[in-house]
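In: dropping the sequence and predicted coords here.
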Amino acid sequence: MDDVRKRLRDAAAEHRPDRERMLARVERGMERDAAPGAPSRGRPPRPAPWLRIAGATAAVAGVLALGGYAVASVVHGDEPSRTVGTPAAPEPPAATRPLAPDAKGVEDGYLWSDGSVDPKSNDFWAQSTLTFKTGKPLTALTVELRVAQTGGVADTGNWRSLPAGDFTVSVREAGGEAGGDLVYRWTLKAGRTVPAGKHVFAGQYNHAEGGRDAGDDTYAAEATASGRKAAVRGDFARTS
């Protein structure tokens, strides 16, 4: 089946429908039907030539579009959708810069934080949970969780207690290479706010069999409330 899809993709890429030639053939056929003296055989009057030409143009366009859709549907199969010819956008520098490098600890003014490994984690899977408390509504917030690559660490999902639509989420491997630390980042969208109170962010991942030590994992956050910025940074308890 993969070989069939490849051949269809190659054929679709090489195919260039001659729209003008198809339209000209349709129009010539109409002109023959409209020739003077042609018997009507009881048929109703034909529409004006310009209407027939417009209809032919639409018909040809429809055939071309339908053909392209049919090929695309067969080629697509179970493969993920993609935009042909559009290169992937480079990751913005803001997504890779160190977050809150000057943070002094887990608390800064109105912002408090904590990092822990969920007790339901097991020998193959774990969840790192970040808890934040803010005494003021936040107009800006970026949260980052960095899970050290201790062997077999691979993303399986993430969530937050705040509305999903309020955040842009990215998950990447540090350095852009397989086998690097797993980095989760949640960024509050412009114009959205985080209410005062307690909020949770969590990253989930598989790991090599056995108890995983989270001692090298870290987290950080930057926030703004009433024009004042706050930054926190922390880590996780090391397994003895």
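Out: Received, thanks.
In: from here on, just use CA atoms for contacts and neighbour counts.
Out: Noted.
In: can you give me the helices for this protein?
Out: In the chain, the helices defined using DSSP state H lie at 2-14, 19-33, 49-76.
In: what's the end-to-end length of stretch 204-218?
Out: In stretch 204-218, first residue to last residue: 14 Å (CA to CA, to the nearest Å).
In: buried ones in that stretch?
Out: Residues 204, 205, 206, 207, 212, 214, 217, 218 are the ones in stretch 204-218 that count as buried (16 or more other CA atoms under 10 Å).
In: before we move on, what about stretch 123-138?
Out: So, applying 16+ other CA under 10 Å, buried residues of stretch 123-138: 125, 126, 127, 128, 129, 130, 131, 132, 133, 134, 137, 138.
In: give me the domain ranges for the protein.
Out: For the chain, automatic domain parsing gives the domain ranges 2-35+44-76, 93-235.
In: mean confidence for the last one?
Out: What that stands for is domain 93-235. Confidence over domain 93-235, taken as the mean pLDDT, stands at 95.
In: can you pull out the strands in the chain?
Out: Here the chain has its strands, by DSSP state E, at 107-108, 111-117, 125-134, 140-147, 154-160, 167-173, 182-188, 197-206, 218-225, 228-235.
In: can you put the ones you listed in JSON lines and add distance to residue 100?
Out: Formatted as JSON lines, these follow (distance: least, CA to CA, whole Å):
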{"stretch": "strand 107-108", "distance to residue 100": "11"}
{"stretch": "strand 111-117", "distance to residue 100": "13"}
{"stretch": "strand 125-134", "distance to residue 100": "15"}
{"stretch": "strand 140-147", "distance to residue 100": "9"}
{"stretch": "strand 154-160", "distance to residue 100": "20"}
{"stretch": "strand 167-173", "distance to residue 100": "17"}
{"stretch": "strand 182-188", "distance to residue 100": "13"}
{"stretch": "strand 197-206", "distance to residue 100": "17"}
{"stretch": "strand 218-225", "distance to residue 100": "6"}
{"stretch": "strand 228-235", "distance to residue 100": "6"}
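In: returning to that earlier point: so which pair among the buried residues of stretch 123-138 is furthest apart in space?
Out: The span of these, defined through CA to CA, is set by 125 and 137 at 33.9 Å.
In: hmm, residue 110 is touching residue 132, no?
Out: No. Counting by CA atoms under 8 Å, residue 110 stays clear of residue 132, with 10.3 Å between them.
In: same list (the buried residues of stretch 204-218) but as TSV, adding distance to residue 237.
Out: As requested, the buried residues of stretch 204-218 are exported to TSV (distance: CA to CA, whole Å):
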residue	distance to residue 237
204	17
205	18
206	19
207	17
212	11
214	7
217	9
218	10
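In: which of those lies closest to residue 153?
Out: Nearest to residue 153 among these is residue 207, at 4.2 Å by CA to CA.
In: so what's the closest one up against?
Out: Counting by CA atoms under 8 Å, 6 or more residues apart in numbering, residue 207 touches 123, 124, 125, 126, 150, 151, 152, 153, 154.
In: number of nearby residues for residue 104?
Out: 12 (other CA atoms under 10 Å).
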